[in-house]
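Trainee: Just need the structure, nothing else, for what follows:
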Amino acid sequence: MTGGGPLLVVDTATTRAVIVLGTARGETLAERSWVAGYRHGEELLARTEALLADAGVGRDDLGGLVVGTGPGAFTGLRVGIATVKALAYALRVPVAGVSTGEALLTAAGRGRCVLLQPAGPSDRVLTRAGAAPVIVPGGQEPDLRDDETLIAVDLDGRAPAEAIAAGAAAHDGLGAALLRTGARRLAAGDVDDLATLAPEYVTLPRGVREVPEDGGVALTGTGRGR
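Mentor: Numbers count the residues shown, from 1 in each chain. From the prediction side, this is the model:
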């Protein structure tokens, strides 16, 4: 359970980073979003500090943290989750990890949606509400049910135009959806252990074989990440 102070939300699972300041009840106070590409680490802390300063909120005022856990690429997720873990440890506040995919589906708010995201240069990853994400290999199309609507994020040129437009609209509501879900969990005392809070990577740099249970990565050689 939080101490009643405001909540900070961070999501770096997509190429468009999102940070939100909200109340412990899940109401949005301020939000920032920017196209980070794969350079989340260059701006995340500075933009977070600016958001708090503009709202007149100090780090020590925060009552809890919420972080998007993916699916997403290695570079962005690593930065976002590591930053939130460091803040949670330093401030001694609880943290809730929330699926970015599930939050995007919630934000879509239109019937039965499924989410499609990139998983490297050719594969894609498909997320359905309440189900584990699955990889759609390059050259294959997602197997959709008759009542499902596709939304696509970060897939310009690799998904239908209407799916990309729906994905952009869903992303506009991502921060608020993460905040509401995270606030409910934190209010109920459903918090994550920093040692086991782990991302859902869809791509890993060369030389990275797996994600151990502690949320780190196991290196297998000297391959360079991207």
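Trainee: So E200 is in contact with G70, correct?
Mentor: Yes - with contacts counted by C-beta atoms under 8 Å, E200 reaches G70, the gap being 3.5 Å. C-beta coordinates here come from the backbone N, C-alpha and C atoms, glycine included.
Trainee: what do these two both touch?
Mentor: Residues touching both E200 and G70 (C-beta atoms under 8 Å, 6 or more residues apart in numbering) are L77, S99, G101.
Trainee: Include neighbour count, secondary structure and distance to A168 when you put those residues into JSON lines, please.
Mentor: Conversion of those to JSON lines gives the following (neighbours: other C-beta atoms under 10 Å; DSSP: H, G, I helix; E, B strand; the rest coil; distance: C-beta to C-beta, whole Å):
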{"residue": "L77", "neighbour count": "27", "secondary structure": "helix", "distance to A168": "20"}
{"residue": "S99", "neighbour count": "20", "secondary structure": "coil", "distance to A168": "19"}
{"residue": "G101", "neighbour count": "28", "secondary structure": "helix", "distance to A168": "16"}
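Trainee: Those residues into a markdown table, with extra columns for distance to A170 and pLDDT?
Mentor: Formatted as a markdown table, the shared contacts of E200 and G70 follow (distance: C-beta to C-beta, whole Å; pLDDT from 0 to 100):
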| residue | distance to A170 | pLDDT |
| --- | --- | --- |
| L77 | 19 | 92 |
| S99 | 14 | 97 |
| G101 | 10 | 96 |
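Trainee: which one of those residues is nearest L91?
Mentor: The nearest member of the shared contacts of E200 and G70 to L91, counting by C-beta to C-beta, is L77 at 21.2 Å.
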